[in-house]
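Asks: fold the following for me, if possible:
(one chain, ligands or ions: 2)
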Amino acid sequence: MTARIALIGYGAIARELVEHLAPEREAGVVELAGAVVRHPERHPSPPGGFVPIGEAAARDLVVECAGVAAARQHGPALVAAGTALLVTSVGALADAEVARALLGGPGELVLTSGAIGGLDLIRAAAQAGGLDRATITTTKTASSLVQPWMGAAEAARIRGLAEPELLFDGTPAEAIERFPGNVNVAVALGIAARGLGDIADGLARVRVRIVADPRTDTSTHVIGAEGSSGAYRFEIGNRPSRANPRTSALTAQAVAADVRAWLARRGHGAAGP
Ligand SMILES: NC(=O)C1=CN([C@@H]2O[C@H](COP(=O)(O)OP(=O)(O)OC[C@H]3O[C@@H](n4cnc5c(N)ncnc54)[C@H](OP(=O)(O)O)[C@@H]3O)[C@@H](O)[C@H]2O)C=CC1
Ligand SMILES: O=C([O-])CC(=O)C(=O)O
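Replies: Ligands and ions are numbered 1, 2, ... in the order given. Purely as a prediction, here's the structure:
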């Protein structure tokens, strides 16, 4: 049976995902059946063409890879309509109302681990009450951290940095509002750290630091966590996507693995996790 999959977004992650899913498409396990974007004229044509969100909702699975605002705009209605939704912009769940809607079904929600790893350990320790706090320090090229809300002088200063600089130190909820295309991983860490509590409890255990490094060509996430379960440290050094230096290439690879796991769960005959 062929699973029909629609995309929200047709940027770096979506296009790389299309390439990663070539074996499943060739085997007839997956049909990529359209993409939703705001400005189709700015994109190459996706498999299945551009479709309105109402048409995407009729697919077996919708994969969001468009941004936190897009996930908040479209996600709740898709899940309410019973559509299975794989979310890349996990930062959307830092908003409690959006999180309730996305987790409330009846559509299945899948959250990717995206550009990081180790969330299985964090989840297990937190569920056992063994995790008190976690930190994530994200370091990226200076220019990839420039945001539209920064004034022109501040943007130019960051682009011209000669030394690494700490741009942000605070909570995941604040971090994702200020750097929505850079720190979805911090909210993913907070969700894993929730244990058996609310997402807000998990987010409250996480401290986020964002560093602009003019000398790096790698996107690095250093995760630390501790509690009665133990003390942990993961260092992830990702190659940035060629199409979007804000995004790690691992993200589309993780989403492809999530799609394969979803196909296996739904009996579509792909390899399991
Ligand atoms: N969980 C993780 O580890 C990671 C998550 N991400 C998330 O993935 C998102 C996408 O990343 P990436 O592919 O690199 O970004 P790109 O900027 O390359 O692509 C974004 C795409 O989304 C479309 N888009 C934006 N807003 C909307 C909307 N409201 N409705 C429909 N389409 C929309 C854009 O087209 P148009 O402008 O025409 O609408 C474009 O095609 C990031 O913004 C981030 O939120 C990224 C990296 C890691
Ligand atoms: O791709 C990355 O390294 C992380 C990222 O942008 C995000 O979490 O939004």
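Asks: nearest spatial neighbour of the residue most central in space within the chain, skipping sequence neighbours?
Replies: Against the mean C-alpha coordinate of the chain, by C-alpha atoms, centre = their mean, the closest residue is T88 at 3.2 Å. Excluding the flanking residues, the one nearest T88 by C-beta to C-beta, 6 or more residues apart in numbering is C65, at 4.4 Å. The way it works is simple: take the backbone N, C-alpha and C, and place the C-beta from them, glycine included.
Asks: distance of that neighbour from S229?
Replies: 33 Å (C-beta to C-beta, to the nearest Å).
Asks: and these two? Which one has more around it.
Replies: Shown here are C65 and S229; by other C-beta atoms under 10 Å, C65 has more neighbours (28 against 17).
Asks: and the more buried one, its phi and psi?
Replies: phi -140, psi 60 (degrees, to the nearest 10).
Asks: what do you get for the one 5 residues further on?
Replies: The main-chain torsion angles of A70 are listed as degrees, to the nearest 10 and equal phi -70, psi -40.
Asks: count the neighbours of it for me.
Replies: A70 has 20 neighbours, counted by other C-beta under 10 Å.
Asks: mind listing what the closest residue to it other than its chain neighbours touches?
Replies: The shortest distance from A70 to any non-neighbouring residue, by C-beta to C-beta, 6+ apart, is to I8 (5.8 Å). Residues near I8 by C-beta atoms under 8 Å, 6 or more residues apart in numbering: 35-37, 53, 56, 62-66, 70-71, 74.
Asks: for ligand 1, see how far away the spatially closest residue to P245 that is not a sequence neighbour is.
Replies: Spatially, and ignoring its direct neighbours in sequence, P245 is nearest to S144 (4.5 Å; C-beta to C-beta, 6+ apart). S144 sits 10 Å away from ligand 1, going by C-beta to the nearest ligand atom, to the nearest Å.
Asks: near ligand 2, which residues of the stretch 51-200 of the chain show up?
Replies: By the rule C-beta under 6 Å from any ligand atom, the part of the stretch 51-200 of the chain lying against ligand 2 is G114, A115, G181, N182, V183, N184, V185.
Asks: done for today, thanks.
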